[in-house]
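**Q** what follows is a protein structure lacking sequence information:
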Ligand code: MLT
């Protein structure tokens, strides 16, 4: 699967994987703010943005293999790979399947625990609703923290636009892929590269406790909790998010 990819800058490759149900468009401020120090590579995961869905069964492993193929195509042996929420699940799948491709990992607003049976069943309900013509706009208030909802009108409008653009087939496929994901704590315990874990103190979907648990499991990890940020910290508080990433990259190199 060839992923449509937006890139900016040059130097150390930094691959950033987007959240559900967004696209590489969510990393606009990271392409702008981080490109002076590295090569920012932001693909559309399969089915989203400009990438085809293909006909594989839903699986995060397939998404992780797509990212490894992307690195092959770019001639990149090892990269720092980061992901926000669903993107973080793909980073953990990549760490399981292609650990030799990682120079460092960034896990933002994500979790290592699998779905409970109730959460997995709810994803199937959402998938069916999407395939029946439903949309995901009712999820926007959960994606953003109260500070963004009350004071960052541009962010709210932008996220509504991104969520509204999500193709139903891809969103349903991704819900089923996420429902099937395994527990990733052993993967984190086995990481041999440094990690940056990012949380938002207003995140209603992945509370800070999830980030703390991941940080504890990873042998070499640092945790940054961003204030006044919800689930989409990279969009809600881009300067703070970028500072955390830039400082991580400086310490890596
Ligand atoms: C995301 O933002 O990618 C989703 O909240 C992930 C999920 O549904 O678990």
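**A** Alright, I've got the coordinates. Source: prediction; values computed, not measured. Numbering: from 1, shown residues only.

**Q** pull the contacting residues for the residue nearest to residue 85 when sequence neighbours are not counted.
**A** Taking CB to CB, 6 or more residues apart in numbering as the measure, residue 85 lies nearest to residue 19, with 4.1 Å between them; neighbours along the chain are not counted. (Each C-beta comes from the backbone N, C-alpha and C, glycine too.) Contact analysis of residue 19 by CB atoms under 8 Å, 6 or more residues apart in numbering lists 26, 84-87, 109, 143, 231-232.

**Q** which among those gets closest to residue 173?
**A** Nearest to residue 173 among those is residue 86, at 11.6 Å by CB to CB.

**Q** what residues are up against the closest residue to that closest one other than its chain neighbours?
**A** Distances taken as CB to CB, 6+ apart place residue 20 nearest to residue 86, at 3.9 Å, with adjacent residues excluded. By CB under 8 Å, 6+ apart, residue 20 lies in contact with 85-86, 171, 174-175, 178.

**Q** closest one of the residues you listed to residue 225?
**A** For the contacts of residue 20, the closest approach to residue 225 (CB to CB) belongs to residue 85, at 15.7 Å.

**Q** quick one, what contacts that closest one?
**A** Contacts for residue 85 (CB under 8 Å, 6+ apart) come out as 19-20, 108-110, 205-206, 231.

**Q** restrict the contacts of residue 19 to contacts with the ligand.
**A** Subset of those in contact with the ligand: 85-86, 231, counting by CB under 6 Å from any ligand atom.

**Q** so where do the helices sit in this structure?
**A** Applying DSSP state H to the chain gives helices spanning 28-34, 60-74, 86-97, 117-131, 140-143, 146-151, 153-164, 168-179, 185-189, 208-217, 233-236, 238-252.

**Q** ok, the one residue in the stretch 101-250 of the chain that gets nearest to the ligand to residue 230 distance?
**A** Residue of the stretch 101-250 of the chain nearest the ligand, by CB to the nearest ligand atom: residue 205 (4.8 Å). Residue 205 sits 8 Å away from residue 230, going by CB to CB, to the nearest Å.

**Q** run a quick neighbour tally on residue 195.
**A** Residue 195 has 25 neighbours, counted by other CB atoms under 10 Å.
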